[in-house]
Every structure is written in structure tokens, then in C-alpha cells.
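[1] fold the following for me, if possible:
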Amino acid sequence: MTATRETPVRLTHFAHGGGCACKIPPGELEDVLSALAGPRTIVGDSPLLVGPATGDDAAVVALPARGDDPVQAVVSTADFFTPVVDDPYDWGRIAAANALSDVYAMGGRPLVAVNLLAWPRDVLPYDLAREVLRGGLEIAVDAGCHVGGGHSVDDPEPKYGMAVTGLADPARLLRNDAGRPGMPLSLTKPLGLGVLNNRHKVTGERFEQAVATMTALNREASEAALEAGATCATDITGFGLLGHLHKLARASGVTAVVDTAAVPYLDGAREAVRDGYVSGGTRRNLEWVAPFTDFGDTDADTRLLLADAQTSGGLLVAGEVPGAPVVGELVAWTGHSLVLR
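    The predicted structure is shown next:
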């Protein structure tokens, strides 16, 4: 059916998945990327500080020193996905906040972004695409980030996001391989976005608390982490808290212990799990981390929530961030990347 102005449009029904839950499963992605492993030497004076080896949130390249100017680094990332909510303006805001988050997760500040838009031009009216782009522009402006154009393709499935370039101090990066035993773990947004978004897709219920969380920039959290002297962080998106924490622990050579009782959740998240609104992406996340995890006596619903595929989630910082709950700590390697208590 072709959507028109007179036909109510449920954007989430035009996508096989929603938001970051539509990512390629982490295990499958690592199998693909393993063929590309190994150093690639580029001749020049701009070394790659953060690349694909640790699976961090963005690439970072050092800029050559120029006179007395402060040394800087370029942070580069891209993120886009299928509709996570039905409102096109909200979808645009969520996707932009999510793309910008990768720069904040590295301790950088976004400078310029370009739009990435895939649109079924014979099915969905351009009025909706305009609203998506308007939402993305509003979030970028709020972040102090230019939007300098972009790229679009005709696609059977709508997708939107941004490629973002930022700047950072190379001596004050937040990296996922800088975790050390004894560091506490702080989480700056509650979990449960994936199950609430899945419930929205199935039932049409709107969850304002989820939209507010997904459209909130991680700028203040990043700045607070840097101010507190943190050097290690990641953001929680499609691989869930357990997936991203596993990558951090693996890259840092430590074990992450999660205090399951301290992890915050959005209102309605547990009920959504209880009622079965769990995405395939979340279940694949849990399956992926299971061999590396000591689950203890953690119940099944909590395991799913900890693996819930978030969209535009918060930062997980190895350090204490004012106002953010401490949800665990890093300890010396125990034989598991993750231990739940």
C-alpha cells in the first residue's frame, strides 16, 4: 500500500527491524571483519589513534602539529537505521542523537555532519522525509554541529542517520581499551529502550519516557566524564549493555562485574519483557555474550534487559560520573569478560 497524507502512516511497519535492533548481529559482524584484521600502514603525519582493532565507537586520527596550536584529533563515525518510532520528526531526532553519541563516547565534540537517507519514494511521501530531516537538523543544531548536506538513495526500506566528524584532545580520549581493575562503572541513561520500542511497533502505544531518553544528547555525560578524569567509556546501543561491556572488558583485558540491582530501567521496561516484546536483536545479543558471561543466579528477564538492544542509549563510563548510578566495577581478569551479581 502506498502511504498518502490521508492514510495514517506507521513508519515502523515499513521496516523489518527497528532502530539499533536492526544491526547485523555482533558475532556475525566480527566474522566478516576478521578477514580484514591486521595492520594497514598509511604513510603520512596523521596516525590512526583508534581504529577497528578494539571495536570502539569511532575512528580517531591525530592531526599534525601546527606551530603553537593545540594538538587535536579528528573523530569520525557513521550511524543510520530503520524507523524506531512512527513519528518521522522524532525518528529524525533519535537517529541524529544516536549518531552524535559516538563522538561523545570518544570524548570529542561534533563539528559537522552529513545526512544519510534511504527512502521508498514510490511508497512514502516526501513530506515525511522532510520531517525526518528536520528532526535530525534540530538535534544537530542543539549539539552545535553543522549539517553540510548528505546523500540519499531510493530504497524499499526507509533508513536515516548521519556521518559525523568531530574534534577531540588526543591526550583526553575516552577509549574502550583503557579500562583498569578498580574502576567503577557508571551508566548515564536507563535501559529498556529496545523492549519499549518493540512494544510501540506492535501496538502503536507511545512511550514518552523512551522518546525523551533517546533524543537526549550524551554531551553533558561526556563532558562530566572528562572533567572527572575518565579515560575509558563506550555508549550503549544495538549490542546492549552486556554486548558493549563485553567489548570494553575484552579490549581492556579485564573482567566487568555488574551489580544487577543497581542498573536503572525505564518505566514499563520490565512489563514489556514480561509481555514478550523482546526483539530478535536482543536475543542474539544475549546468545553472543553467553559464552563469556558468568550469569550467577540472574533471572531470565533481567538477562534480556541487560542485553536489550538500545537505540541512542547512554554512556557507560569507567569512572564515577556525577548524577549517574554506579552499576558495577572492573576487576582483574577472572576467566569471564562479564560477571553478574
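
[2] show me what the host helix or strand of residue 234 is packed against.
    Using DSSP states H and E, residue 234 sits in strand 233-235. The contact analysis (3 or more CB pairs under 8 Å, 6 or more residues apart in numbering; DSSP states H and E) places strand 233-235 against helix 88-105, helix 240-252, strand 315-318. The C-beta positions use only the backbone N, C-alpha and C, and glycine is treated the same way.

[3] give the pairing partners of that strand; include direction for each.
    Strand 233-235 has its sheet partners listed here by DSSP bridges as strand 315-318 (antiparallel).

[4] and the partner strand, how far from the chain's centre?
    Computed by CA atoms, centre = their mean, to the nearest Å, the separation of strand 315-318 from the middle of its chain amounts to 12 Å.

[5] how about the helices in this structure?
    With DSSP state H as the criterion, the chain has helices at 26-34, 88-105, 126-142, 193-203, 208-215, 219-227, 240-252, 269-274, 280-289, 300-306.

[6] and the contacts of the last one?
    Helix 300-306 is contacted from outside by 191-192, 195, 240-242, 258, 260, 263, 265, 269-270, 273-274, 278, 282-283, 286, 295, 298, 340, using CB atoms under 8 Å, 6 or more residues apart in numbering.

[7] drop anything exposed from those residues.
    Restricting the contacts of helix 300-306 to buried positions leaves 191-192, 195, 240-242, 258, 260, 263, 265, 269-270, 273, 278, 282, 286, 295, 298, 340, with burial counted as 16 or more other CB atoms under 10 Å.

[8] what number of residues lie near residue 124?
    Neighbourhood size, residue 124 [other CB atoms under 10 Å]: 19.

[9] quick one: it from residue 209, how far?
    27 Å (CB to CB, to the nearest Å).

[10] just residue 244 next, same as before
    22 Å.

[11] also residue 157?
    Residue 157 is 27 Å from residue 209, by CB to CB.

[12] residue 252 too?
    For residue 252 relative to residue 209 (CB to CB), the value is 32 Å.

[13] got it, and residue 74?
    Residue 74 is 35 Å from residue 209, by CB to CB.

[14] who has more neighbours, those two?
    residue 74 (19 against 15).

[15] and the pLDDT at the spatially most central residue of the chain?
    What sits nearest the mean C-alpha location of the chain, by CA atoms, centre = their mean, is residue 237, with 3.1 Å. Looking at residue 237, its pLDDT is 96.
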